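Chemist: need coordinates for the below:
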Amino acid sequence: MAKPNYSFEKRQREIAKKKKLEEKDAKKRAQREAAKNADASKQARTDG
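Modeler: Numbering: from 1, shown residues only. Coordinates of the predicted model:
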């Protein structure tokens, strides 16, 4: 029976964690951009 490769498993967990964090950050950035654009368009309407 082959022995488990714990280093490989740990690396896979780290990669998965990093990917999840990047997706979360991308979602937050998208929300901030949407809010920023909404504020800019709202302000443009009140200025004009």
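Chemist: so K27, which of the three states?
Modeler: helix (DSSP: H, G, I helix; E, B strand; the rest coil).
Chemist: likewise for P4?
Modeler: Following three-state DSSP, P4 is assigned to coil.
Chemist: how about it, what does it touch?
Modeler: Going by C-beta atoms under 8 Å, 6 or more residues apart in numbering, P4 touches no other residue. For the C-beta atoms, the positions are set from N, CA and C on the backbone; glycine is no exception.
Chemist: centre of the chain to the helix or strand where E14 lies, how far?
Modeler: Take DSSP states H and E as the rule and E14 turns out to sit in helix 6-47. Chain-centre distance of helix 6-47: 3 Å, with C-alpha atoms, centre = their mean, to the nearest Å.
Chemist: what is that helix packed up against?
Modeler: Contact here means 3 or more C-beta pairs under 8 Å, 6 or more residues apart in numbering; DSSP states H and E; on that basis helix 6-47 packs against no helix or strand.
Chemist: pLDDT of it, averaged?
Modeler: In this model, helix 6-47 carries a mean pLDDT of 90.
Chemist: begin at 44, not 1, for the rest of this chat.
Modeler: Happy to do that; since the first residue is 44 now, the last one works out to helix 49-90.
Chemist: gap between A69 and E76?
Modeler: For A69, the distance to E76 (C-beta to C-beta, to the nearest Å) stands at 11 Å.
Chemist: ugh, wrong one, R88
Modeler: 19 Å.
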